[in-house]
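S.K.: output the structure for:
(2 chains)
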Amino acid sequence: MANNPIIKIESLSKTFGSGETAVTALDDINLSIYPGEIFGIIGLSGAGKSTLVRCMNLLERPTAGRVIFDGSDITSLSDKELRKVRQSIGMIFQSFNLLMQRTALDNVCFSLEIAGVPKKEAKKRARELLETVGLADKEKAYPSQLSGGQKQRVAIARALATNPKVLLCDEATSALDPTTTQSILELIKELNQKTGVTVIIITHEMKVIEQICHRVAIIDKSRIEEVGMVQDVFRQPKTQAAKKLIFTNGDSNEEFAGKGRYLRLVFDGSQTDRPVIANMVLKCGEPVSIAFAKTKMISGKMYGHMLLELPENPEIVKKIKAYLDSEDITYEEERYDA
Amino acid sequence: MLKDIINEIFSAEMLSLVWKGLLETLYMSLVSTAVAYAIGLPVGMLLLVTDPDGVKPNKTINTTVGAVVNFLRSVPFLILMVAVMPLSRLIVGTTIGAKATIVSLVIASAPYVARMVESSAKEVDRGVIEASLSMGASTMQIMCKVILPEAMPSLIYGAAISSTTILGYTAMAGAVGGGGLGAIAINYGYHRKETVIMWLMVVILVLIVQVFQEIGSFIAKKCDKRIG
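M.R.: Numbering: from 1, shown residues only, chains lettered A, B, ... in the order given. As a prediction, the model looks like this:
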C-alpha cells in the first residue's frame, strides 16, 4: 500500500453534549483507508462506529481532529466546497432512505440532479446504473413496491451514479435477511472490482466482514482497538476487545460458567479438513472434556472457538500444546475462578 | 305557512342573493387560501429548516418568526378583523365587502398555514434528508426536491383543512361587514329572525366544507406513492 490514503482520519474525537452530560462517542481515532480496498469497521452497538462513518462525510462534525479526503482536509472547507466533495463520497444506509414519492429511476436521477447533470443525461446514466444493480425492469416502481433488497440496490445505484471515489455503507445489510445480505454484499464486491470504488463498511456482523472486506478495524468503547488484514485479525486477535468480539461473534459471552484451567482454541477456517480434537486425543493419549464450543461453517470453512478442560498432568498439557503448535492452531490458556 | 317559506326561499330575488353569496364565499375562501399559502408555505419551511434539529439551525430567525406566528394566531379573528381595517383600506381601498375580508383572512390564516406546513414537512423521514445531505444537496435543494415533494400528500391534506377553516372565518367576517353566505345568514337569521334562511346558509356552508375536504383527501391519496 504505497499509494496515498483516500481517507485519512487524524486524532479525531467526537463528544455529544457538554458539561456533565457529555458523551464521548469517538476518542482519538486514527485510520488510513486506501484507494480500491474494502475496509470494514466492526463493533458492538454503541461503540461509535456509526458516528465514525458519519464523520467521514461530515454529516457529523468532529469535535477535534481532521478528516483528509483525497489529500485535502475537509473539516476546513466552506459549505459549498463540502457539498462538492460529498458528491465524491456515496453513502448507503440501513433504512435505505429512498425518496418514497419518486420511482426507482427518479431516485437514481436524484443524486445526478443534485450534481447538476442535465435531465436527459441523468436518465440515461440512471438506466445504466439500474441495469448494473439488476433492476432494469423496475425503473417505474415506487420504493413501496420494492423488497428490502431491491430498495438497497436502488440506493446503491443512486450512491454510485455520480461516480464517487468512496462508498460508505452504514449497516447497509442489517435490515436484510441472510440471503439478501449475501446478494447485496456480492454486488458491492463486484462493483468494487469493476469500478475500483473504495468501500467502507460499518457493521456489527462478523460474516459481513468475513465475506467481503480486505482490512478491518475493530472499534470498542469509542476507540479503534485493532486494525489489520481480515484473516490476521480474525485468526489472531491481539486486543481484549477484538478477542471478545471475534470469539463470541458479538453475542453474549456469559453462557460459560465453568471453573478451573481451560485452553481456548480458535478455528480460523484452515482446520476444516481434519478432525483436530479426535487426533489430539489419540496422539496425546488423554481424553479431554469440551467445556464450551461455538463454531460455524462459512462457505465450507469452520470458524469459532472452543474451551477444553485442561488435564491435571503438566506432561500431558505440554503434549497437547506441542500438538496444537504442530497443527498451527491458535490457542490461549485461560483460568476461570468464579 | 310552509308554502310561504318555500316561496320566499325560492323567490327569484332570494335565489340570486344566495347565488351571489355563494360565489362571494368561494371567492373569499379560495383567494385567501391561495394567498395564505403563498405566504405561509415559505414561512413554514423557514421555521422547519431553522429549527434546532433542522437542516440549517438558526435560533434568532426561528424564535423571531415563531413568536410573530404565535402572536397572530392567538388574536381572536373578530378582533383581528377590526384591527386590520386601516390596512385593508390601504391595500384594497375599502373596509367592507369580500375584498376587505380577504386581507384580514390572509393575515389570520397565513400563520395557521405556516404551522400546518411546518408540521406536514416535519413528517419527512430524517434519514431521507440525511441521505440528500450526503449527496451534497444544498438547503434549497433539500426544501424543493426532498421535503416538499415527500410531504406533498400531507400538505394537500393540510390545505383541505386550512381552506375549510378559512371558509369558517368568512362566515364570521359576515358579522362585521364581510360579504358572502355568512353575511346573509347573519343579516336574515340574526337581524331579521328568519331562522330558515339562516339554516339554509349553514347547510350550504356544510356542503362546501364537505366538498373541499373530499377533494383534498382524494388528491392527497391519489398523489401518495407510499401505498403500493
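
S.K.: any idea of the mean pLDDT in stretch A:106-123?
M.R.: Stretch A:106-123 shows a mean pLDDT of 96.

S.K.: for it, give me every contacting residue.
M.R.: For stretch A:106-123, contacts defined as CB atoms under 8 Å, 6 or more residues apart in numbering or on different chains pick out A:87, A:90, A:98-99, A:102, A:105, A:125-126, A:129-130, A:143, A:154-155, A:157-159, A:161-162, B:132, B:135-137, B:141, B:145. From N, CA and C alone the C-beta is placed, and that goes for glycine too.

S.K.: end-to-end on it?
M.R.: Its first and final residues considered, stretch A:106-123 spans 8 Å by CA to CA, to the nearest Å.

S.K.: kindly report the same for stretch A:41-61.
M.R.: 19 Å.

S.K.: in it, what's buried?
M.R.: By 16 or more other CB atoms under 10 Å in any protein chain shown, the buried positions in stretch A:41-61 come out as A:41-43, A:47-60.

S.K.: now check that stretch, is it near chain B?
M.R.: Yes. Interface with chain B: stretch A:41-61 contributes A:Asn57, A:Leu59 (CB under 8 Å from any CB of the partner chain).

S.K.: how about the residues of the stretch 1-150 of chain A that lie near chain B?
M.R.: A:57, A:59, A:82-87, A:89-91, A:93, A:95, A:97-102, A:110-111, A:113-115, A:142-145.

S.K.: just the buried ones from the residues you listed?
M.R.: For those, buried by 16+ other CB under 10 Å: A:57, A:59, A:82-83, A:85-87, A:89-91, A:93, A:95, A:97-102, A:110-111, A:113-115, A:142-143.

S.K.: inside strands: which ones of the residues of the stretch 1-150 of chain A next to chain B?
M.R.: Counting by DSSP state E, the residues of the stretch 1-150 of chain A next to chain B place A:Ile89, A:Gly90, A:Met91, A:Phe93 in strands.

S.K.: check which element follows the helix or strand hosting B:Ala114 along the chain.
M.R.: Following DSSP states H and E, the helix or strand that holds B:Ala114 is helix B:97-122. Counting by DSSP H and E, the next helix or strand C-terminal to helix B:97-122 is helix B:126-134.

S.K.: which strands and helices sit next to the helix or strand A:Asn192 falls within?
M.R.: Using DSSP H and E, A:Asn192 sits within helix A:178-195. In terms of contacts (3 or more CB pairs under 8 Å, 6 or more residues apart in numbering or on different chains; DSSP states H and E), helix A:178-195 is packed against strand A:38-42, helix A:148-160, strand A:166-170, strand A:198-203, helix A:206-212.

S.K.: what do you get if the cut-off is 6 Å, keeping everything else the same?
M.R.: helix A:206-212 (3 or more CB pairs under 6 Å, 6 or more residues apart in numbering or on different chains; DSSP states H and E).

S.K.: picking up where we left off before, closest to chain B out of the ones in strands among the residues of the stretch 1-150 of chain A next to chain B?
M.R.: Nearest to chain B among these is A:Met91, at 4.1 Å by CB to the nearest CB.

S.K.: now for the closest one: which residues touch it?
M.R.: For A:Met91, the contacting residues are A:Ala159, A:Leu168, B:Ser134, by CB atoms under 6 Å, 6 or more residues apart in numbering or on different chains.

S.K.: out of these, which is nearest to B:Gln213?
M.R.: Using CB to CB, B:Ser134 is the member of the contacts of A:Met91 that sits closest to B:Gln213, with 38.9 Å.

S.K.: ok, now how distant is that closest one from A:Leu82?
M.R.: Distance, B:Ser134 to A:Leu82, using CB to CB, to the nearest Å: 11 Å.

S.K.: list the buried residues in the helix holding B:Ala114.
M.R.: B:97-118, B:120-122.

S.K.: what about that helix, average pLDDT?
M.R.: 93.

S.K.: packing partners for it?
M.R.: Against helix B:97-122 (3+ CB pairs under 6 Å, 6+ apart) you get helix B:12-50, helix B:59-74, helix B:77-83, helix B:85-92, helix B:148-173.

S.K.: what's the most buried one of the ones you listed?
M.R.: Counting by mean count of other CB atoms under 10 Å in any protein chain shown, helix B:148-173 has the highest mean neighbour count of the helices and strands packed on helix B:97-122, with a mean of 22.

S.K.: where does chain B dip in pLDDT?
M.R.: B:1, B:228 (pLDDT under 70).

S.K.: contact residues of it facing chain A?
M.R.: Residues of chain B that fall close to chain A, judged by CB under 6 Å from any CB of the partner chain: B:127-128, B:131, B:134-137, B:141, B:149-150, B:225-226, B:228.

S.K.: quick check: the two most widely separated of the residues you listed?
M.R.: Checking those with CB to CB, the most distant pair is B:Gly136 and B:Gly228, at 30.8 Å.

S.K.: tell me which of the two has more neighbours.
M.R.: Neighbours per residue (other CB atoms under 10 Å in any protein chain shown) separate B:Gly136 from B:Gly228, with B:Gly136 holding more: 21 against 9.

S.K.: what residues are up against that one?
M.R.: Contact analysis of B:Gly136 by CB under 6 Å, 6+ apart lists A:Arg83, A:Arg86, A:Gln87, A:Ile114.

S.K.: and it, helix, strand or coil?
M.R.: Following DSSP: H, G, I helix; E, B strand; the rest coil, the label given to B:Gly136 is coil.

S.K.: contacts for the helix holding A:Asn192, please.
M.R.: With contacts defined as CB under 6 Å, 6+ apart, helix A:178-195 is touched by A:Ile38, A:Gly149, A:Gln152, A:Thr173, A:Val199, A:Gln211, A:Ile212.

S.K.: for ChimeraX, what selects the buried ones among those?
M.R.: Selection command for ChimeraX covering only the buried members of those, criterion 16+ other CB under 10 Å:
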select /A:38,149,152,173,199,211,212
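
S.K.: I'd like the contacts of helix A:178-195 as a markdown table, with pLDDT appended.
M.R.: Listed next are these as a markdown table, based on pLDDT from 0 to 100:
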| residue | pLDDT |
| --- | --- |
| A:Ile38 | 96 |
| A:Gly149 | 95 |
| A:Gln152 | 96 |
| A:Thr173 | 93 |
| A:Val199 | 97 |
| A:Gln211 | 90 |
| A:Ile212 | 93 |
